[in-house]
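Asker: got a sequence here, can you build the structure:
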Amino acid sequence: MAAPQEPSAEPLLTSILDTLGEQIISGALEPGYTFTLQDLSSRFGISRTVAREVMRALEQMGLVSSSRRVGIKVLPPEHWAVFDQSVIKWRLSCAEQRPAQITSLNELRTAVEPVAALLAASHATPAQSARLLELAELLVKLSEAGAGNTQEFLDADKEFHTLILHASGNEMFSTLAEPIMHVLEGRTRYGIMPDDPSVPAMRIHVDLAKAINDGDASASEAASRDLLTGIKTFLAI
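Answerer: Got it, this is the predicted structure:
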């Protein structure tokens, strides 16, 4: 009879990382604060092996550094891996960090998405163009119904803007989709997105989708910039 398998350590590791990550990001564990593997083991009731995995994960995120002489030292924000999904999540969950994180994500999006829209006018497949138009019309419909702060709106909005980045044909833009979409999630999760977003601003989604479908690169870029400006205005980002 086969021996029973030990439960996966992944949920435990994730839980500990969330606790420590949030404490470092919020400043509860200040830059320069030091601790050891034994401290981690004692605090969380974990083995030294799991404690070492926690330390390595935090190191990869730029939240701590480790050395035999000093131990594990908390690092200041300039060392953080700011594109790491967990770091973004923890910054958004921290009330003090949230405004700066949303601003940074929005600025990244403003720099990238109009260029992606320009490229999508040349590279989007017929299926991608058709789906963009479907999603754009759905976003307008939900806005008119006062459903801007719903999961359905968020899902459609994320799919629309992710699809533009993928349809650009630029693989580096595609990899930015996940971190950039955190700005949309953050707006909904933390009450920034109103129930009735500006319908004229939302209708620019349709203009953008049509421009991409028509293969009009300059109109696609212009519509994307107009859309992001309009959203920034009514959200006061």
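Asker: tell me the mean pLDDT for the lengthiest helix in the chain?
Answerer: When secondary structure is assigned using DSSP state H, the longest helix within the chain turns out to be helix 98-123. For helix 98-123, mean pLDDT is 95.
Asker: and the contacts of stretch 136-148?
Answerer: For stretch 136-148, the surrounding residues in contact (C-beta atoms under 8 Å, 6 or more residues apart in numbering) are 150, 152-153, 156-157, 160, 193-199, 202-203, 205-206, 208-209. Yep, even glycine has a C-beta here, placed from its N, CA and C like the rest.
Asker: strands of this structure, residue ranges please.
Answerer: With DSSP state E as the criterion, the chain has strands at 34-35, 64-67, 71-74.
Asker: dump the residue contacts of Ser26.
Answerer: Ser26 neighbours (C-beta under 8 Å, 6+ apart): Cys94, Glu96, Gln97.
Asker: which pLDDT value belongs to it?
Answerer: 97.
Asker: same thing with Pro126?
Answerer: 98.
Asker: pick the most buried one from the strands of the chain.
Answerer: Stretch with highest mean neighbour count among the strands of the chain: strand 71-74 (a mean of 18; mean count of other C-beta atoms under 10 Å).
Asker: what packs against that one?
Answerer: With contacts defined as 3 or more C-beta pairs under 8 Å, 6 or more residues apart in numbering; DSSP states H and E, strand 71-74 has these neighbours: strand 34-35, strand 64-67.
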